[in-house]
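A.B. asks: sharing a model that was predicted from the sequence below.
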Amino acid sequence: MADQNTHQTAAPLLNVHLPSREPAQPGAVVDRAPQAIREFLGKRGSGAGADGVFGGLMLAAALSIIAIVLLIIFVLIQQSKLSLHEFGFKFFLRTAWNPVIGDFGAAPFIYGTVLSSVLALCIAVPLALCVAVFIMEICPKFLRGPVAFLTELLAAIPSVVYGLLGVFVLVPIVRDKLGPFLVKTLGWTGFFGGSNFGEGVLTASIILSIMILPVISSITREVMAAVPISQKEGVLALGATRWEMIRIAVLRNARIGIVGGVILGLGRALGETMAVTMVIGNNPQIAKSLFAPGYTLASVIANEFTEATGDLYLSALIEIGLALFLVTIVVNSIARLLVWAVTRGTPVSSR
Amino acid sequence: MSQPLSQIRPSKTNAWHRWASDHAITAISVLGTIVVLVPLVAVLFYLIYKGASSLNLAFFTHVPKPVGETGGGMANSIVGSAIILTLASAMGIPVGIAGGVYLAEYGAGTWLGAIIRFVADVLNGVPSIVMGIAGYSLIVVHQHHFSALAAGVTLGIMMIPTVTRTTEEMLLTVPHAIREAAYGLGVPRWRTILSISLRTAAPGIITGCMLAFARIAGETAPLLFTAFGSQFWPHSLNEPMAALPLQIFVYALSPYDEWHRLAWAGALVLISMIMISVGLVRYVTSRGQLKGGH
């Protein structure tokens, strides 16, 4: 509102004072042909018209973002109409996935997605907190830059390369080393039964945890940096050790933002496609064992979309995409709100 | 640090407990960081080793050979990726920057600005596979065939929110006095934004663009249903086109050793491309900040 007002008052003002502004214009050689320049400037209308056009263009670009999101939602609903009508909301509870007879249900994929994401969070969150605390509070100054850079580097590696490393490095490790070890130590829980081929929910979770770790750790660092230094100094002055200072001053102040970062990581994990598709085994089943191959919402789309025969098959896959879209919107919105609640007072440069 | 504390605290055992927990946490967090970083570095070196030993000149000059024949390369994928990424940048960067200009210069503090900012964040969080479906439904369905054009537009859309948000943040760091100086000289608003605000914030905005570029350069999921991939040299934007990440995906899951070799080489090339662009950005912006510092 305030901006519009200044704009409106500025425009006529410029018109009135046009002649007196002239020497300030780039053409300092006014003496040669003052009249010509005056006419030129008059024709230009002191930029009021151009200002309007420019502002309009910028507004159009900004509005196009909203338009794109609405368009995506519209097109996804339109394309999945067939499946929405056929199965209704039961679609997300049905466990059948049989393209041959046209029987579709998303429950195995939801199970696989939630299980792999939650497991990934269980692995990634403690490590991400360790990394963030280390970088912000413990690390010597000269190491801080390189370590932070390395963790950021994790985020720059493409998903498909993680998948490649997963297939050729992690799968053999889980099959030959980690798997037998887990069976020996934790076999009694029943989560590590069945045959272990290396490709399964556990492998997918490990890959996922590596991929979401930089997200969680960088957000955690951001909110930890937002804690006022006076709080830390106050706690230290009361005689706290470093860990007590971190616990009382830093983590307690930043906890909402950290939760936001964790949820943001969850959003990333839910939608992660390529790496998971390459190592999870791709079998639509609900199994208790973490070694068993699973399937996620994203990877069923990636695997079967181009091979989908029949409209119902395609529309069921698009409905899965729509569900994934809506869930990530909700998850990301919550996360953004939480992070914003903590960092709103600090300057943007702290990012 | 524990020396003066133990004098103040009445109970020595308590002091020991606090000292121990402090050091335990320090150890745990150092250990956690090592657990994260060491395997990562090892794996990256393994990738470089595998990729470098598989790279040769043919990789950059030849198209893929049929199954069973050795040799061949990914030249068509590299060219295809370059075409698709150029297309995406040509669309995503201008729109993204314009959106950021609106948010920072016009929409700051308005409800419309807040909504657009929020929607941009939402769009940023949309899984890439969903963007792939959206690109398929919006373009491929109407064209009736896969095309590089659809891939370019989809990736371009994915660039917009990142570029918009960075542009906005960078413009907000430009001191208001500079703008006022321009207004005082009678420079119109649009010219002020173009020549003063955007130029001052240019290093940061370029960083944002490069990071957005690096992000979409490795995207595979949106290409599955838009570019689709191909074994031949690209001829037109209106046909399926090969792309590096796509080819890595296909080759990694194939049962042939020869293709695995190509996948490792492709991964190394892709990572190097991304690292070089990110590193370049870091170098350029660190210089820019030094210049702007005083």
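C.D. replies: Sure, I can see it. Residues are numbered from 1 along each chain as shown, chains lettered A, B, ... in the order given.

A.B. asks: quick check: residues of the stretch 151-294 of chain B near chain A?
C.D. replies: B:157, B:160-161, B:164, B:169, B:172-173, B:183, B:185-186, B:188-191, B:193, B:214-215, B:217-221, B:224-225, B:228, B:245, B:248-249, B:252-253, B:260, B:263-264, B:267, B:270-271, B:274-275, B:278 (Cβ under 8 Å from any Cβ of the partner chain). Glycine gets a C-beta too; all of them are placed from N, C-alpha and C.

A.B. asks: among the residues you listed, name the ones in helices.
C.D. replies: Counting by DSSP state H, those place B:157, B:160-161, B:164, B:169, B:172, B:183, B:189-191, B:214-215, B:217, B:221, B:224, B:245, B:248-249, B:252, B:260, B:263-264, B:267, B:270-271, B:274-275, B:278 in helices.

A.B. asks: in chain B, which helix or strand is least confident?
C.D. replies: None of the helices or strands of chain B scores lower by mean pLDDT, DSSP states H and E than helix B:2-8, at a mean of 55.

A.B. asks: what's the ChimeraX line that selects buried ones from the residues of the stretch 151-294 of chain B next to chain A?
C.D. replies: Selection of the buried residues among those in ChimeraX, burial being defined by 16 or more other Cβ atoms under 10 Å in any protein chain shown:
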select /B:157,160,161,164,169,172,183,186,188,189,190,191,193,214,215,217,218,219,220,221,224,225,228,245,248,249,252,260,263,264,267,270,271,274,278
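
A.B. asks: against residue B:202, how distant is the residue most central in space within chain B?
C.D. replies: Nearest to the centroid of the C-alpha atoms of chain B, with distances taken as Cα atoms, centre = their mean, sits residue B:215, at 2.0 Å. Using Cβ to Cβ, to the nearest Å, residue B:215 is found at 20 Å from residue B:202.

A.B. asks: equivalent analysis for residue A:70, please.
C.D. replies: Note on residue A:70: its distance to residue B:202, by Cβ to Cβ, is 32 Å.

A.B. asks: next one: residue A:173
C.D. replies: For residue A:173 relative to residue B:202 (Cβ to Cβ), the value is 46 Å.

A.B. asks: what of residue A:226?
C.D. replies: 27 Å.

A.B. asks: more neighbours, the two?
C.D. replies: Shown here are residue A:226 and residue B:202; by other Cβ atoms under 10 Å in any protein chain shown, residue A:226 has more neighbours (19 against 13).

A.B. asks: does that one touch residue A:342 like I think?
C.D. replies: Yes: Residue A:226 is within contact range of residue A:342, at 5.8 Å (criterion: Cβ atoms under 8 Å).

A.B. asks: shared neighbours of these two, anything?
C.D. replies: Contact with both residue A:226 and residue A:342 is made by residues A:254, A:257, according to Cβ atoms under 8 Å, 6 or more residues apart in numbering or on different chains.

A.B. asks: so for residue 14, what's the pLDDT?
C.D. replies: No chain in the question, so chain A it is. Among the per-residue scores, residue A:14 shows a pLDDT of 43.

A.B. asks: that's the wrong chain, I meant chain B
C.D. replies: 73.

A.B. asks: tell me the SS of it?
C.D. replies: helix (DSSP: H, G, I helix; E, B strand; the rest coil).

A.B. asks: residues near it, how many?
C.D. replies: Residue B:14 is flanked by 12 other residues according to other Cβ under 10 Å.

A.B. asks: just residue B:86 next, same as before
C.D. replies: Neighbours of residue B:86 (other Cβ under 10 Å): 11.

A.B. asks: do residue A:193 as well
C.D. replies: 15.

A.B. asks: try the one 10 residues further on
C.D. replies: Counted with other Cβ under 10 Å, the burial measure for residue A:203 works out to 31 neighbours.

A.B. asks: same question for residue A:331.
C.D. replies: 21.

A.B. asks: what's the answer for residue B:226, then?
C.D. replies: Residue B:226: 30 neighbours (other Cβ under 10 Å).

A.B. asks: backbone phi and psi for it, please?
C.D. replies: Torsion angles at residue B:226 (phi, psi; degrees, to the nearest 10) stand at phi -120, psi -60.

A.B. asks: now for it: which residues touch it?
C.D. replies: By Cβ under 8 Å, 6+ apart, the contact set of residue B:226 is B:132, B:135, B:136, B:139, B:140, B:146, B:147, B:150, B:151, B:154.

A.B. asks: list the contacts of the first one.
C.D. replies: Spelled out, it's residue B:132. Per Cβ under 8 Å, 6+ apart, neighbours of residue B:132: A:301, A:305, B:154, B:221, B:222, B:223, B:224, B:225, B:226.

A.B. asks: turn the residues you listed into TSV, columns for distance to residue A:100 and pLDDT.
C.D. replies: TSV is the format used below for the contacts of residue B:132 (distance: Cβ to Cβ, whole Å; pLDDT from 0 to 100):
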residue	distance to residue A:100	pLDDT
A:301	19	91
A:305	17	87
B:154	31	94
B:221	26	90
B:222	29	90
B:223	28	91
B:224	23	89
B:225	22	87
B:226	27	87
